[in-house]
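# Next comes the sequence, and after it the predicted model I'd like to discuss.
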Amino acid sequence: MSDFVAVTDADLERARHDPEFRRKLLTASFERLIARLEAMSDAPATPDSPEAQQGREGLDLAVKLANILQRDGGKDDERAA
């Protein structure tokens, strides 16, 4: 899939100081992750396959991103940036 968008060091620095930009960055990442997980669900994998492991890791990350977004848009979470 070619929808990878690199986050630059400049983006990360800006996200540390600009809550609105941080929220946009987190939201865009979350939306891309959900889209990728939806695409992965169209191709079933065996439970212990690398694809299944990737799906579980993606779901874990999606939950973490959703939690950050729910907490004041990630304003106080420097690790998110």
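Okay, I see it.

# pLDDT weak spots in the protein?
Residue ranges of the chain with pLDDT under 70: 1-3, 72-81.

# what about 50?
The chain contains residues with pLDDT under 50 at 1, 77-81.

# Helices of that one, residue ranges please.
Secondary structure of the chain, counting by DSSP state H: helices at 9-17, 19-41, 50-70.

# any chance of the ones you listed in a markdown table, with mean neighbour count too?
C-beta here means a position set from N, CA and C on the backbone, and glycine is covered the same way. Listed next are these as a markdown table, based on neighbours: other Cβ atoms under 10 Å:
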| stretch | mean neighbour count |
| --- | --- |
| helix 9-17 | 12 |
| helix 19-41 | 15 |
| helix 50-70 | 14 |
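
# For residue 62, which non-adjacent residue is spatially closest?
Nearest non-adjacent residue to residue 62, counting by Cβ to Cβ, 6 or more residues apart in numbering: residue 33, 5.3 Å away.
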